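Engineer: A structural model of the following input is requested.
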Amino acid sequence: MLIIAAVLFAIAALGGLTMAYIHFKKDRNPPGALAALHGVAAATALVILLWAVVQTGSGGPVAWAAGLFVVAALGGFFLVSYHVRKQRLPSPAVIIHAAVAVAAFVLLLAGIVAI
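Structural biologist: Alright, predicted model coming up:
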């Protein structure tokens, strides 16, 4: 289950990179459909990851990754609120959301390798 979650998070990350490019280089909000696909992939991965942590009682890097992904998801909801209001996404929030998600992904990969 951890590998499935990691693959889904990697797919979500590709969408996130694309959206960050649009945000910073094209100076506009990314399309809502791309944001929705990014969110669905990440949310699905997060549910799978949380299920795996609960079922296995995993600790260490995998549990920390799950916690950080929850924080990243909260940041994602914050960013979605700007999409809904048709306002420009705040760049600091985009950067923090991405940094937390990347840290969580690295921890998840470290936890998978350690198993």
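
Engineer: from here on, contacts and neighbour counts on C-alpha atoms
Structural biologist: Noted.

Engineer: for F105, which non-adjacent residue is spatially closest?
Structural biologist: The shortest distance from F105 to any non-neighbouring residue, by CA to CA, 6 or more residues apart in numbering, is to A65 (6.6 Å).

Engineer: tell me which element that neighbour is part of?
Structural biologist: Using DSSP states H and E, A65 maps to helix 60-84.

Engineer: S91: what's it in contact with?
Structural biologist: Counting by CA atoms under 8 Å, 6 or more residues apart in numbering, S91 makes contact with nothing.

Engineer: what's the spacing between it and M19?
Structural biologist: 12 Å (CA to CA, to the nearest Å).

Engineer: now swap in G32 and tell me
Structural biologist: In terms of CA to CA, G32 sits 10 Å off from M19.

Engineer: what's the answer for L2, then?
Structural biologist: Taking CA to CA as the measure, L2 falls 25 Å from M19.

Engineer: more neighbours: which of these two?
Structural biologist: M19 (22 against 19; other CA atoms under 10 Å).

Engineer: and the helices in the chain?
Structural biologist: Using DSSP state H, the helices assigned to the chain run over residues 2-25, 32-56, 60-84, 91-114.

Engineer: any chance of the ones you listed in JSON lines, plus mean pLDDT?
Structural biologist: Formatted as JSON lines, these follow (pLDDT from 0 to 100):
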{"stretch": "helix 2-25", "mean pLDDT": "98"}
{"stretch": "helix 32-56", "mean pLDDT": "97"}
{"stretch": "helix 60-84", "mean pLDDT": "97"}
{"stretch": "helix 91-114", "mean pLDDT": "97"}
